[in-house]
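Asks: Pasting the sequence and the predicted model now:
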Amino acid sequence: METAEIEQWWGKLEPGIREWLMDNPGTVILPRTVANAINTSVGETTDQDRYEVSEAARSFIRAKAEERRNRPIE
C-alpha cells in the first residue's frame, strides 16, 4: 500500500475500515479481512497472502488518526 494510492482511495473506504486503520496506524501487515475489504472498496482483486503497508502509507494513516483526535467534539 503506497501513499499515493491510499490518498486516492481513502474516501472510498468503508467508515469501519478507515476507523480500523486509524486505530492501528502502525500495522505493517494487514489482516486478510481488512485487505479484502479495502480491495472491495477500491474495486481491486489480488491473490496475495500478505498485504504490506508502506512506511509512507502508515505516516498518512497516523496523520489521519491525529486529525481525528484533534477534531472538536460536535
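Replies: Great, that's in hand. Residues are numbered from 1 along each chain as shown.
Asks: Counting by contacts, list what the longest helix seen in the chain packs against.
Replies: Identified as the longest helix of the chain according to DSSP state H is helix 55-70. If you count contacts as 3 or more C-beta pairs under 8 Å, 6 or more residues apart in numbering; DSSP states H and E, helix 55-70 packs onto helix 3-9, helix 15-23. C-beta coordinates here come from the backbone N, C-alpha and C atoms, glycine included.
Asks: and those helices as JSON lines, adding mean pLDDT?
Replies: Formatted as JSON lines, the helices and strands packed on helix 55-70 follow (pLDDT from 0 to 100):
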{"stretch": "helix 3-9", "mean pLDDT": "81"}
{"stretch": "helix 15-23", "mean pLDDT": "96"}
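Asks: With distance to residue 64 added, can I get those in a markdown table?
Replies: Formatted as a markdown table, the helices and strands packed on helix 55-70 follow (distance: least, C-beta to C-beta, whole Å):
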| stretch | distance to residue 64 |
| --- | --- |
| helix 3-9 | 9 |
| helix 15-23 | 6 |
